[in-house]
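A.B. asks: Fold the following and give me the result.
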Amino acid sequence: MMVRFFEMLRAESSPDTIILLGPNHFHHGRGNISLSSLPWKTPFGVMETDPSITQQIEAATRLSEDTEAYTGEHSVGILIPLLKYYFPRSRVVPILVDVNAKEPQLKALHALLTGYLSNPKLLVLLSMDFSHNSISSVADSRDELAEQVISTLNVEKVDELHVDCHKGLWLLLSSLRDLGNIKVNVTEHTNSSRITNHPNQTNVTSYFAVTFRF
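C.D. replies: Here you go, the predicted model:
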């Protein structure tokens, strides 16, 4: 599913920098929003970060780098090798957004993200899972609401969704809504029960692949 998604992105874009948002699952590090300019070692070579954008975010949010927050964090770690493979010349700016992220910092990041989204040489990605710890039918019901909220950029209902990065989703949808005239396309939707062909699975996690275009 991820391979299909990134193959589609590669056919449509060639970004200088990729901003990668993800949850801080384990609340590592010092801050509720974490930044790092350290390069990433992948099987396909080293992926460099973009220090200028990292510094812009640090200045706007008044955050310092928090590299320890990234230790073992799969929300960004699992995607960076794919980014290096499909976009070998791009740089990355990984941003971890904790569930306890504070409103002033979120608003500052939101203002920057709106500008980044309007730049054709920047690609913004949100790495986020959907429903957790349920049977497949419950996950489907939860995901119906999630798809409706995301497709309509309904920021006010983000907190009602079963996702693992509410604050990251709020950042993305609110910035997109500020820009206007966004075309939302859900390219895939599935869950771990269907992927593994275990219909009686009780700890189902669900997934979407979604694109937003101007």
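A.B. asks: average pLDDT for stretch 120-136?
C.D. replies: Stretch 120-136 shows a mean pLDDT of 97.
A.B. asks: Distance across stretch 122-138, terminal residue to terminal residue?
C.D. replies: End-to-end distance for stretch 122-138: 36 Å, by C-alpha to C-alpha, to the nearest Å.
A.B. asks: Please, where are all the helices along this protein?
C.D. replies: Here the chain has its helices, by DSSP state H, at 2-12, 51-61, 74-77, 80-86, 103-117, 136-151, 166-179, 192-196.
A.B. asks: Could you say which of those is packed most deeply?
C.D. replies: Highest mean neighbour count of the helices of the chain: helix 166-179, a mean of 21 (counted as mean count of other C-beta atoms under 10 Å). The way it works is simple: take the backbone N, C-alpha and C, and place the C-beta from them, glycine included.
A.B. asks: one step back: can you tell me which of the helices of the chain is nearest to residue 45?
C.D. replies: Among those, the nearest to residue 45 by C-beta to C-beta is helix 80-86 (6.1 Å).
A.B. asks: May I see the helices of the chain arranged in a markdown table, with distance to residue 128 as well?
C.D. replies: Shown next, in a markdown table, are the helices of the chain (distance: least, C-beta to C-beta, whole Å):
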| stretch | distance to residue 128 |
| --- | --- |
| helix 2-12 | 13 |
| helix 51-61 | 19 |
| helix 74-77 | 7 |
| helix 80-86 | 15 |
| helix 103-117 | 15 |
| helix 136-151 | 10 |
| helix 166-179 | 6 |
| helix 192-196 | 15 |
